[in-house]
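Novice: Mind folding the following:
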Amino acid sequence: MTKTIKASELPDFDITEFLETPDDIAAYLTVVLEEDGPEALIQALGDVSRARGMTEIAKAAGVNRESLYRALQPGSHPRFETIAKVCKALGVRLATHVA
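Specialist: Sure, this is the predicted structure:
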């Protein structure tokens with residue numbers, strides 16, 4: 001007999017648990033860039049920053065931790081300069097390709 005599982009009984013999914021290597025991070029950000037809009041990119045950068053350690057990324061990006069949290073929260077509109085600093089701190093870069 002098959003047991004019915006309620007959605008409320010499922011564990012929460014946390015992408016940060018799967019962002020272990022630089023290749024994982026690059027693949028995740030690439031998919032987000034190809035399939036979703038700017039809000040999804042901001043969320044993805046937040047996910048990757050949490051996976052790597054928000055304090056470490058903030059320090060490497062030259063911003064304080066609280067500002068980084070605010071910049072990468074849903075509904076925020078960070079400046080491109082902030083996104084560029086976060087990408088550099090994460091060791092990734094945004095690139096374009098001919099479609």
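Novice: residue ranges with poor pLDDT in the protein?
Specialist: 1 (pLDDT under 70).
Novice: So which residues of this structure form helices?
Specialist: 22-35, 38-52, 54-61, 65-71, 80-90 (DSSP state H).
Novice: how about the ones you listed in CSV, adding mean neighbour count?
Specialist: The C-beta positions use only the backbone N, C-alpha and C, and glycine is treated the same way. Listed next are those as CSV, based on neighbours: other C-beta atoms under 10 Å:
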stretch, mean neighbour count
helix 22-35, 14
helix 38-52, 19
helix 54-61, 17
helix 65-71, 16
helix 80-90, 17
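Novice: if we compare these, which one ends up closest to Ile5?
Specialist: For the helices of the chain, the distance to Ile5 is smallest for helix 38-52, at 25.7 Å, taking C-beta to C-beta.
Novice: Please name every helix or strand in contact with the closest one.
Specialist: helix 22-35, helix 65-71, helix 80-90 (3 or more C-beta pairs under 8 Å, 6 or more residues apart in numbering; DSSP states H and E).
Novice: Now do it and helix 80-90, the angle between them.
Specialist: Using axes from the mean of the first three to the mean of the last three C-alpha atoms, to 10 degrees, the direction of helix 38-52 lies 30 degrees away from that of helix 80-90.
Novice: follow-up on the earlier one: distance to Thr16 added to the helices of the chain, as a markdown table?
Specialist: Shown next, in a markdown table, are the helices of the chain (distance: least, C-beta to C-beta, whole Å):
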| stretch | distance to Thr16 |
| --- | --- |
| helix 22-35 | 10 |
| helix 38-52 | 4 |
| helix 54-61 | 11 |
| helix 65-71 | 14 |
| helix 80-90 | 13 |
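Novice: Identify whichever of those helices lies nearest to Val98.
Specialist: Closest among the helices of the chain, using C-beta to C-beta: helix 22-35, at 13.5 Å.
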